[in-house]
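**Student:** Provide a 3D model corresponding to the input given below.
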Amino acid sequence: MPANLTYDQLAVLALTASVAGCARGFSGFGGALIFVPIASSVIGPRLAVPLLLIVDLVLTPGLLPKAWRSADRADVGLMAIGAVVGVPAGTYLLTHMDGVSIRWGITGIVVCLLLLLMSGWRYHGRPHGAMTIGVGFTSGLFSGAAQVGGPPVVAYWLGGAIAPQTVRANIVLYFAISSVISVTSYLIAGLITWESVMLSLLIGPTFALGLFAGARLFNRANEATFRRTCYALIACAAVIGLPALDGVFR
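**Tutor:** Numbering: from 1, shown residues only. You can find the predicted model right below:
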């Protein structure tokens, strides 16, 4: 069993991955906000974060063909320029902070990003190159540290007069590029190991089932209800992942 996991711990990871995959398949983001806090409390952030990256990178290419056709590729390219700098900076934090500090940091970031999402705040100014690159850097920083770079991008792109299908396509395409950057950065930092690869083979199928279900729900479910459910799940994940509550939940 990778990482000396018990079967109960593996079951927690698998269940969390399925819920996270559903959120990712529906909205194009949000999986990490659910998976990383809980998985970090079970296997530690230096294994949990690369694990999600591997699983997500392998299982989401099916979303790319449609995203490529529908996305504003020029805008996505500018966002990716910022990620090229932000991801390595976040990776540095992940590799140079102690495990408990990283978990507190991840919880703090998740809570702040959840509040941003729940507030409904959107950037309503006119998008321009420097701003887009800056948002890409911020998203890349959060992605490198915890793979939670979605909310800054969503808040930025949803503020303009852009069709929802284009916004979702932009998000999917951008994070495909960001994931490639993250893999490169994690490989250089030594974060992607055989242990994380082997564990991804166990967790991947449940994430895939959630991803499929979320994608099917996108055109069927009530979006407002689904988003509120996702927010509640993210909040629960943040609470369960608190290091201060390790004695309660584990």
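
**Student:** got any ranges where the chain has weak pLDDT?
**Tutor:** 1-3, 27-29, 121-127, 159-162, 218-219, 221-223, 225-227, 229-230, 244-250 (pLDDT under 70).

**Student:** in it, which helix has the most residues?
**Tutor:** In the chain, assigned by DSSP state H, the helix with the most residues is helix 164-189.

**Student:** Give the buried residues for that one.
**Tutor:** Neighbour-count burial for helix 164-189, with 16 or more other C-beta atoms under 10 Å as criterion, is recorded at 166-179, 181-183, 185-186, 189. In this view, the C-beta of every residue, glycine as well, is placed from N, C-alpha and C.

**Student:** what ranges do the helices span in this structure?
**Tutor:** With DSSP H, the ranges of helices along the chain come out as 7-27, 31-43, 45-59, 64-70, 73-96, 99-119, 129-146, 150-157, 164-189, 194-217, 223-240, 246-249.

**Student:** most packed of the ones you listed?
**Tutor:** Greatest average neighbour count among the helices of the chain goes to helix 31-43 (a mean of 27), per mean count of other C-beta atoms under 10 Å.

**Student:** how many degrees apart are that helix and helix 150-157 in direction?
**Tutor:** Interaxial angle, helix 31-43 versus helix 150-157 (axes from the mean of the first three to the mean of the last three C-alpha atoms, to 10 degrees): 170 degrees.

**Student:** Take helix 31-43, keep the C-alpha atoms, and write them as CSV.
**Tutor:** In CSV, the C-alpha atoms belonging to helix 31-43 read as follows (Å, rounded to 0.1, in the frame of the first residue of the first chain):
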residue,chain,number,x,y,z
GLY,A,31,-11.7,19.9,-7.2
ALA,A,32,-8.5,20.9,-5.5
LEU,A,33,-10.4,23.1,-3.0
ILE,A,34,-12.2,19.9,-1.8
PHE,A,35,-9.5,17.3,-2.2
VAL,A,36,-6.3,19.0,-1.0
PRO,A,37,-7.3,20.0,2.5
ILE,A,38,-8.6,16.5,3.4
ALA,A,39,-5.9,14.5,1.5
SER,A,40,-3.2,16.7,3.1
SER,A,41,-4.5,15.7,6.5
VAL,A,42,-4.2,12.0,5.6
ILE,A,43,-1.0,11.8,3.6
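
**Student:** for that helix, packing partners?
**Tutor:** Using 3 or more C-beta pairs under 8 Å, 6 or more residues apart in numbering; DSSP states H and E, the elements in contact with helix 31-43 are helix 7-27, helix 45-59, helix 99-119, helix 150-157, helix 223-240.

**Student:** and it with helix 194-217, angle?
**Tutor:** For helix 31-43 against helix 194-217, the angle by the same axes, to 10 degrees is 140 degrees.

**Student:** what angle do helix 31-43 and helix 129-146 make?
**Tutor:** Here helix 31-43 points in a direction 20 degrees away from that of helix 129-146 (the same axes, to 10 degrees).

**Student:** Dump the helices and strands packed on helix 31-43 to CSV, plus distance to residue 135.
**Tutor:** What follows is the helices and strands packed on helix 31-43, written out as CSV (distance: least, C-beta to C-beta, whole Å):
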stretch, distance to residue 135
helix 7-27, 18
helix 45-59, 20
helix 99-119, 12
helix 150-157, 5
helix 223-240, 20
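
**Student:** tell me, what residue is most central in this structure?
**Tutor:** Centroid-nearest residue in the chain: residue 32, 3.3 Å away (criterion: C-alpha atoms, centre = their mean).

**Student:** excluding its backbone neighbours, what's nearest that residue?
**Tutor:** Ranked by C-beta to C-beta, 6 or more residues apart in numbering and with sequence neighbours excluded, the top spatial neighbour of residue 32 is residue 147, at 4.2 Å.

**Student:** Give me the phi and psi for that neighbour.
**Tutor:** Dihedral angles of residue 147 (phi, psi; degrees, to the nearest 10) stand at phi 60, psi 40.
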